[in-house]
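**Student:** sequence below, structure please.
(chains A and B)
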Amino acid sequence: DTGVSQDPRHKITKRGQNVTFRCDPISEHNRLYWYRQTLGQGPEFLTYFQNEAQLEKSRLLSDRFSAERPKGSFSTLEIQRTEQGDSAMYLCASSISTDTQYFGPGTRLTVL
Amino acid sequence: GENVEQHPSTLSVQEGDSAVIKCTYSDSASNYFPWYKQELGKGPQLIIDIRSNVGEKKDQRIAVTLNKTAKHFSLHITETQPEDSAVYFCAASAGGTSYGKLTFGQGTILTVHP
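**Tutor:** Numbering: from 1, shown residues only, chains lettered A, B, ... in the order given. Okay, here's the model as predicted:
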């Protein structure tokens, strides 16, 4: 257990529905990252927060995706109008002003 | 952007043998290279990392080597045990304006046979 928690661990939804995931980073970690991992692939970067500021977004993050970190602590990732191609593991990682990132257990999303 | 290639995609060894996984990267600005182990249904777990000012780093049975000129780095596991069986990922980060985002390789499925 790295200290990064994610909720829920599994989510099954129907195409077109909205879903929201939560990440709680290690306490006092000011950097928070979201990655997406599809079966048989390495994680791919989605977005990055330093404290509450979202400083970078990947082009993978279409306008159906939005992420927030309102008080610089936990973060949420919302996907609107889900598509089957959104099925993946969504991973959150945190770090404290260094390169070393600690990952949570992930949220497995299945879109039917 | 950065591109990381990882080989082999699968690796099967006998318990007690050594295992070597190799990665190459494209961005000469990359300066941080972690290795993660991922077990089924879990998030990646950091096992060792190396920064560009160091050529080699060891932690018990695990070692990583870095050749910045050739842009490649390798993970070495000695005296493998069945519990080492997992998927291993290399990654690279350029720090600075990349904000430390990691670019991962495609992964290596390591199987250690008792």
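
**Student:** in the sheet, who's paired with B:Thr65?
**Tutor:** Counting by DSSP bridges, B:Thr65 is bridged to B:Glu56, B:Ser74.

**Student:** could you report the neighbour count for it?
**Tutor:** Other residues within reach of B:Thr65, judged by other C-beta atoms under 10 Å in any protein chain shown, total 17. C-beta here means a position set from N, CA and C on the backbone, and glycine is covered the same way.

**Student:** who touches it in this structure?
**Tutor:** For B:Thr65, the contact set (C-beta atoms under 8 Å, 6 or more residues apart in numbering or on different chains) comprises B:55-56, B:73-74, B:76.

**Student:** let me know the closest of these to chain A.
**Tutor:** The shortest approach to chain A among the contacts of B:Thr65 belongs to B:Phe73, at 14.2 Å (C-beta to the nearest C-beta).

**Student:** could you find the closest non-adjacent residue to the residue nearest to the spatial centre of chain A?
**Tutor:** Centroid-nearest residue in chain A: A:Trp34, 3.7 Å away (criterion: C-alpha atoms, centre = their mean). Take A:Trp34 and drop its neighbours on the chain: the residue closest to it by C-beta to C-beta, 6 or more residues apart in numbering or on different chains is A:Leu46, 4.3 Å away.

**Student:** helix or strand right after the helix or strand encompassing the one you found?
**Tutor:** Taking DSSP states H and E as the criterion, A:Leu46 maps to strand A:44-50. Downstream of strand A:44-50, the next assigned helix or strand under DSSP H and E is strand A:53-57.

**Student:** compute the inter-axis angle for that following strand and strand A:44-50.
**Tutor:** 160 degrees (axes from the mean of the first three to the mean of the last three C-alpha atoms, to 10 degrees).

**Student:** buried ones in strand A:53-57?
**Tutor:** A:54, A:56 (16 or more other C-beta atoms under 10 Å in any protein chain shown).

**Student:** tell me the helix or strand right after it.
**Tutor:** Note on strand A:53-57: by DSSP H and E, the next helix or strand toward the C-terminus is strand A:65-68.

**Student:** from the chain's centre, how far out does that next one sit?
**Tutor:** How far strand A:65-68 lies from its chain's middle: 9 Å, per C-alpha atoms, centre = their mean, to the nearest Å.

**Student:** so is it next to chain B?
**Tutor:** No. Using C-beta under 8 Å from any C-beta of the partner chain, we find that strand A:65-68 stays clear of chain B, coming within 13.8 Å at best.

**Student:** helices or strands up against whichever helix or strand comes after that strand?
**Tutor:** Counting by DSSP H and E, the next helix or strand C-terminal to strand A:65-68 is strand A:75-79. Helices and strands touching strand A:75-79, by 3 or more C-beta pairs under 8 Å, 6 or more residues apart in numbering or on different chains; DSSP states H and E, are strand A:19-24, strand A:31-37, strand A:65-68, strand A:88-95.

**Student:** what sits up against strand A:75-79?
**Tutor:** Under C-beta under 8 Å, 6+ apart, the answer for strand A:75-79 is A:18-23, A:25, A:32, A:34, A:46, A:49, A:64-69, A:86, A:90, A:92, A:109.
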